[in-house]
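# no sequence on this one, just coordinates:
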């Protein structure tokens, strides 16, 4: 049940990004540039990568629930 909860959060976040037109604004708006925007993109991508790793590797591949993950990797 916990695995499906994690997958649902990822699906909902992708749907939110898609329907809020964030991607089209980032690609087509010429006013967006600078070091802080690049840092935000880098940190956001890193957080998303950690989330995907925890959900897919820990939850689906290894079959570990969230409590077991926190006991193994505190």
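Received it, and whenever you're ready, just let me know what you need. Because the structure is predicted, anything quoted here is derived from the model rather than measured.

# only C-alpha atoms for contact and neighbour calcs from this point on.
Fine.

# which helix or strand contains the residue nearest the centre of the chain?
The centre of the chain sits closest to residue 48, judged by Cα atoms, centre = their mean, with a distance of 2.9 Å. Using DSSP states H and E, residue 48 sits in helix 35-52.

# and that helix, which residues are buried?
Within helix 35-52, the residues that qualify as buried are residue 52, counting by 16 or more other Cα atoms under 10 Å.

# ok, residues contacting it?
Where contact means Cα atoms under 8 Å, 6 or more residues apart in numbering, no residue beyond helix 35-52 reaches it.

# got it, and stretch 20-29?
17, 32.

# apply 6 Å and report the result again.
Outside stretch 20-29, no residue is within contact range by Cα atoms under 6 Å, 6 or more residues apart in numbering.

# quick check: mean pLDDT across that stretch?
In this model, stretch 20-29 has a mean pLDDT of 80.

# tell me the secondary structure of the nearest residue to residue 58 once chain neighbours are set aside, please.
Of all residues not flanking residue 58 in the chain, residue 64 sits nearest, at 5.5 Å (Cα to Cα, 6 or more residues apart in numbering). Recorded secondary structure, residue 64: coil (DSSP: H, G, I helix; E, B strand; the rest coil).

# pLDDT score for the residue nearest to the centre of the chain?
With respect to pLDDT, residue 48 has a value of 87.

# over to residue 37?
For residue 37, the model assigns a pLDDT of 80.

# same check, this time on residue 2
Per the predicted model, pLDDT is 68 at residue 2.

# ditto for residue 15
On pLDDT, residue 15 comes in at 90.

# next one: residue 70
At residue 70, the model reports a pLDDT of 69.

# so residue 30 is in which element?
Judged by DSSP H and E, residue 30 forms part of no helix or strand.

# neighbours around residue 60, how many?
When neighbours are counted by other Cα atoms under 10 Å, residue 60 registers 15.

# dump the residue contacts of it.
No contacts exist for residue 60 under Cα under 6 Å, 6+ apart.

# what distance do you get for it to residue 22?
29 Å (Cα to Cα, to the nearest Å).

# likewise for residue 71?
Remark: distance between residue 71 and residue 22 (Cα to Cα) = 36 Å.
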